[in-house]
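what shape does this take:
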Amino acid sequence: MEAGQGSVNDGSAWQTSAPVTVCLLGNFRLFKGNQPIAVRNNGKMEALLCTLALRGEQGIPRDQLLQAIWPESDNSTLAGQALHSLVHYLHKSLGGIIGAAPILHVDGYYCLNTQSGIAVDVGQFEALINAANRDWRAGKYPSAVELYRHALDLYRGDLCSSTTIHALVERERLRALHLTVLARVADFYFADEDYAGCLDYASRLLRFDPCREDAHRFMMRCYVRLGERAQALRQYRLCAAVLQAEFEATPELATTALFHSIQSDPGSV
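Residues are numbered from 1 along each chain as shown. Below is the predicted model:
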């Protein structure tokens, strides 16, 4: 591994407290503090770290790990030797940073040694959302939204690992969680009459899922409140076009009703 240039983007304060951070949201990245580390070994090192990072403390059996990293191999002995080499290399590269073995092998299971100072952005993302949810349920909405925003900063894209069924399920679960949080923050800003803020998060929601009608409705209402009635009507046309192209479907009744209200009585919106 070789140190790269640059530093973590906005939201990185939630990563830099850990000596080593494995990032799976968006492109795979590995950080020492806030400095990126280049990962070599023809993608196998990345596959190893991704697989272990997704499994958390429960780990993964050796046979499943070999299958995940070398699915094309029919020689378990060679694959086992290659795994041993990768683990040894990681111990040399990261062990000095965290002061412990980065990967544990116990009772036939491999797992990341997260207790030693290795963090995973997926875990940080979910921890922030869980903390935000607790504040939200307690009625502490501004502090909840601040935590949601930090979580959203960590979500730089869908889960990079999708080579196994487990990874595919996690990818969709995290994506749905991200979209739910974007919608909640947009709703908060709309209720707070911060229409520019609502537009920002609703548009981010649409970048990840252009078919989300709730986001289109947020934007239609915001444009009307900002005095941009024509743009609100165009947003409906965009929504209808996207749904037709993607699913050969028409907008929901609630979306069409909002469109008609904007046409005939924008003051009621």
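
what sits against the residue positioned nearest the centre of the chain?
Nearest residue to the geometric centre of the chain (Cα atoms, centre = their mean): Y155, 3.6 Å. If a contact means Cβ atoms under 8 Å, 6 or more residues apart in numbering, then Y155 has L25, G26, F125, L174, H178 as its contacts. All C-beta spots, glycine's among them, are computed from the backbone N, C-alpha and C.

7 Å - rerun?
Residues in contact with Y155 (Cβ atoms under 7 Å, 6 or more residues apart in numbering) are L25, F125, H178.

so the closest residue to I69 other than its chain neighbours: helix, strand or coil?
On the basis of Cβ to Cβ, 6 or more residues apart in numbering, the spatially nearest residue to I69 that is not a chain neighbour turns out to be A47, at 4.7 Å. Going by DSSP: H, G, I helix; E, B strand; the rest coil, the secondary structure assigned to A47 is helix.

ok but A119 is inside a helix, no?
No - assigned with three-state DSSP, A119 falls outside any helix and is strand.

mind listing the strands for this structure?
For the chain, the strands defined by DSSP state E occupy 2-3, 20-23, 29-32, 35-38, 60-61, 103-106, 109-112, 118-120.

give the buried residues for the third one.
Neighbour-count burial for strand 29-32 flags R29, L30, F31, K32 (criterion: 16 or more other Cβ atoms under 10 Å).

so what's the third one closest to, chain neighbours aside?
Going back to what we said before, that points to F31. What sits nearest to F31 in space, not counting adjacent residues and going by Cβ to Cβ, 6+ apart, is T21, at 4.5 Å.

so what are the domain limits for the protein?
As assigned by automatic domain parsing, the chain contains the domains 2-119, 205-269.
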